[in-house]
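need coordinates for the following:
(one chain, ligands or ions: 2)
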Amino acid sequence: MASKRTAIVMAAGKGTRMKSERPKATIPLLGQPLTSYVLRALEGAGVEQIIVVVGHGAEEVQQMLGDRYTYALQAEQLGTGHAVMQAIPYLPPDAEYVIIAAGDSPLITPEVFRALYETAYETQSACVFATALLDDPTGYGRILRDGSGKVVGIVEEKDASPEQRAIREVCTSFYCFRVDALRDALPRLNNQNAQGEYYLTDVIGILAHQGARIVAWQSPDPTLLIGVNNRWELAQAGYALRMRILKQLCLDGITIVDPATTYIEPTVQIGHDTVVEPNTHLRGNTTIGARCTLGPDLYLQDCTVGDSCHLFRSHLVQVRIDSEVSVGPFAHIRPGTVLHRGVRIGDFVEIKNVEIGEGTKVLHLTYLGDATVGKGTNIGAGTITCNYDGERKHRTVIGDGVFVGSHATLIAPVTIGDGAYIAAASPITEDVPPESLAIARCYQTVKAGWVRKRRESKHGAGGTEP
Ligand code: UD1
Ligand code: CA
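Ligands and ions are numbered 1, 2, ... in the order given. Presented below is the predicted three-dimensional model:
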């Protein structure tokens with residue numbers, strides 16, 4: 001195996017059946033572009049050079065898949081055979097074998113690519129390609145074999161006779177070709193078929209006709225090879241991938257209480273002994289430490305969470321959390337927030353772009369925005385930072401060991417020194433020095449006997465309200 005492993009991925013199609021304005025290759029599946037799964041599996045199989053054939057929405061596809069790959073443009077989508085022709089000039093001159101994969105089969109694993117590659121080398125075949133036995137082969141190309149069982153070609157469903165349509169062995173669009181055989185066969189393709197396209201599948205018939213060695217590699221698990229052509233197939237592939245991720249997490253020492261209602265994207269990392277309760281969603285660049293309890297009813301996107309945290313029934317986006325923090329129920333924590341060790345966030349609390357120091361408590365009915373809060377501080381129920389004057393945002397700075405009484409209104413910019421004490425219900429407009437009490441209230445007046453006097457003036461002495 002001298003030359004470096006090379007692959008061509010066909011991803012130029014419009015994906016008409018997806019009924020989308022976006023190119024099919026970019027359609028998100030568990031947060032990642034559809035075609036990226038195929039690329040990841042190829043990389044997992046040690047493929048070093050990948051040529052992606054792009055056409056429909058080429059720029060968007062290229063931008064989303066990234067610049068690690070070589071891109072070949074197929075300006076007009078004239079079929080899978082035509083797509084591969086566009087990639088041939090980019091093959092390294094010493095490439096002996098090349099893997100070809102459809103970009104719309106996201107369940108594929110590195111093992112399948114390895115098996116195709118190794119079988120091709122071992123048998124010195126012109127082509128090894130993956131087939132699957134499906135209960136319902138609708139939509140796939142059918143494998144044609146002669147009386148002795150030798151593969152003689154592939155017929156697309158639209159060109160197939162009723163007898164051929166009854167064949168359950170299908171082409172999955174994963175191949176390993178010897179480059180010289182492929183180069184020689186491609187120019188012989190024609191588009192005399194139901195779709196008027198140059199079919200890559202016809203290369204198999206051409207090679208068989210030449211008497212070349214062809215191996216149909218039947219996958220033990222046909223579900224790995226299924227393609228996604230419409231949104232229902234997308235949903236089913238999403239389900240299968242989700243279960244694959246959850247199973248791996250379980251095997252790695254994470255408890256998933258209810259796989260059916262747990263959504264975890266492939267980009268998420270979780271430490272051992274963490275328990276994921278039902279209806280938990282972990283998305284994007286999220287990393288979770290060990291021994292946490294997450295959920296029930298939790299949404300985290302692009303968050304970093306330390307060890308031994310307890311987060312439930314809350315919504316957090318782009319938040320960084322140290323260890324031993326608790327959040328919930330009903331907290332909404334927005335981008336730019338950092339919660340240090342041991343912070344406790346309770347119910348009906350919204351926090352945006354705030355750093356909160358170790359051991360501080362924000363337990364009830366509070367909005368904190370654009371603020372810094374020190375260590376060991378208590379933020380009382382109903383506290384509001386007034387960070388927006390209608391034009392600009394202003395910061396609130398609260399020191400260590402501060403006591404903010406309930407229903408305080410902190411009108412930013414304002415600074416509250418370490419150890420200060422804010423009396424409940426105070427609107428705070430001026431800075432408060434350390435260790436000071438700030439009280440800003442209209443003092444209460446009590447008019448003794450006022451109710452009785454009013455009644456007597458209306459109804460006479462001893463009278464009652466009607
Ligand atoms: C193809 C196979 C079919 C197989 C099935 C497996 C052919 C002719 N048919 O059918 O035998 O059972 O895959 O999933 O190969 N593409 C291009 N340029 C084109 C046309 C397609 O890059 O001009 C790309 C598409 O973006 C897609 C892949 O090739 O990623 C397969 O094309 P698609 O139209 O989905 O082929 P199927 O009808 O699924
Ligand atoms: Ca397809």
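
wait, a helix at Arg452?
Yes: assessed by DSSP: H, G, I helix; E, B strand; the rest coil, Arg452 belongs to a helix.

return the distance of it relative to Thr445.
Using Cβ to Cβ, to the nearest Å, one obtains 17 Å as the distance from Arg452 to Thr445. (Glycine included, C-beta is placed from N, CA and C.)

what about those two, which has more around it?
Arg452 (10 against 5; other Cβ atoms under 10 Å).

what separates the more buried one from Ala461, distance-wise?
Distance check for Arg452 against Ala461: by Cβ to Cβ, it reads 10 Å.

which secondary structure element is home to the residue in the stretch 201-350 of the chain positioned nearest to ligand 1?
Of the stretch 201-350 of the chain, the residue with the smallest distance to ligand 1, taken as Cβ to the nearest ligand atom, is Gly227 at 3.0 Å. Assigned by DSSP states H and E, Gly227 belongs to no helix or strand.

got it, and Trp232?
Trp232 is located in helix 231-251, with elements delineated by DSSP H and E.

equivalent analysis for Ala101, please.
Counting by DSSP H and E, the element that carries Ala101 is strand 97-102.

now do that strand: distance to the chain's middle.
If you compare the mean C-alpha spot of strand 97-102 with that of the full chain, they lie 27 Å apart, counting by Cα atoms, centre = their mean, to the nearest Å.

let me know whether it sits next to ligand 1.
Yes: in this structure, strand 97-102 sits against ligand 1 according to Cβ under 6 Å from any ligand atom; the contacting residues are Ala102.

now do stretch 68-82
Yes: Stretch 68-82 comes into contact with ligand 1 when judged by Cβ under 6 Å from any ligand atom, the residues involved being 74, 77-80, 82.

just the residues you listed: which are in strands?
Cross-referencing those with the strands (criterion: DSSP state E) gives no overlap at all.

phi and psi next, for the closest residue to ligand 2 within the chain.
Closest approach between the chain and ligand 2, counting by Cβ to the ion: Gly227, at 3.7 Å. The phi and psi values for Gly227, taken as degrees, to the nearest 10, are phi -100, psi 160.

which residue ranges form the helices in the chain?
Secondary structure of the chain by DSSP state H: the helices cover 36-44, 58-65, 80-87, 110-123, 162-165, 179-185, 201-209, 231-251, 450-459.

got a list of contacts for the third one?
If I follow you right, that is helix 80-87. Contacts with helix 80-87, where a contact means Cβ atoms under 8 Å, 6 or more residues apart in numbering, come from 8, 10, 12, 51, 53, 55, 72-74, 77, 100, 102, 173, 182, 186, 189, 197-203.

quick check on the residues you listed: which are buried?
With neighbours counted using 16 or more other Cβ atoms under 10 Å, the contacts of helix 80-87 contain these buried positions: 8, 10, 12, 51, 53, 55, 72, 74, 77, 100, 102, 173, 182, 186, 189, 197-203.

rewinding a little: between the residues of stretch 68-82 next to ligand 1, which sits nearest Asp159?
The shortest approach to Asp159 among the residues of stretch 68-82 next to ligand 1 belongs to Gly79, at 12.5 Å (Cβ to Cβ).

now do the same contact list for the closest one.
The contact partners of Gly79, taken as Cβ under 8 Å, 6+ apart, are 191, 195, 197-200.

beta partners for the closest residue in space to Cys250 that isn't next to it in sequence?
Setting aside the residues directly before and after it, Cys250 is nearest to Ile256 in space (Cβ to Cβ, 6 or more residues apart in numbering), at 5.5 Å. Ile256 has the following beta-bridge partners by DSSP bridges: Val276.

touching, Ile256 and Leu246? I think so.
Yes: between Ile256 and Leu246 there is a contact at 5.1 Å, judged by Cβ atoms under 8 Å.

hang on, the earlier thing: tally of neighbours for the residue nearest to Cys250?
21.

please tell me how far it sits from Gly153.
Ile256 sits at a distance of 45 Å from Gly153 (criterion: Cβ to Cβ).

contact partners for the residue lying closest to Tyr140 once chain neighbours are set aside?
Closest residue to Tyr140 in three dimensions, ignoring its sequence neighbours and counting by Cβ to Cβ, 6+ apart: Val170, at 3.5 Å. Remark: with contacts taken as Cβ under 8 Å, 6+ apart, Val170 is in contact with 131-134, 137, 140-143.

mind giving me the packing neighbours of the helix holding Trp232?
With contacts defined as 3 or more Cβ pairs under 8 Å, 6 or more residues apart in numbering; DSSP states H and E, the secondary structure elements packing on helix 231-251 are strand 28-29, strand 255-256, strand 263-264.

do it and ligand 1 come into contact?
No: using Cβ under 6 Å from any ligand atom, no contact is recorded between helix 231-251 and ligand 1, whose separation bottoms out at 9.9 Å.

kindly report the same for stretch 10-24.
Yes: residues of stretch 10-24 are located near ligand 1 by Cβ under 6 Å from any ligand atom, namely 10-13, 24.

which of those residues has the weakest pLDDT?
Scanning these for pLDDT, the smallest score is found at Gly13, 92.

okay, domains of the chain per the record?
Taking automatic domain parsing as the domain assignment, the ranges for the chain are 6-225, 350-466.

burial of Asp400, as a residue count?
Burial of Asp400, expressed as a neighbour count using other Cβ under 10 Å, amounts to 18.

separation between it and Asn285?
Going from Asp400 to Asn285 by Cβ to Cβ gives 31 Å.

circling back to that earlier point, out of the contacts of Gly79, name the ones that lie in strands.
When strands are assigned by DSSP E, not one member of those lies inside them.

among those residues, which are within reach of ligand 1?
Contacts with ligand 1 within the contacts of Gly79, as defined by Cβ under 6 Å from any ligand atom: 199-200.

quick one: which of the contacts of Gly79 is nearest Arg231?
Nearest to Arg231 among those: Gln195, at 21.8 Å, using Cβ to Cβ.
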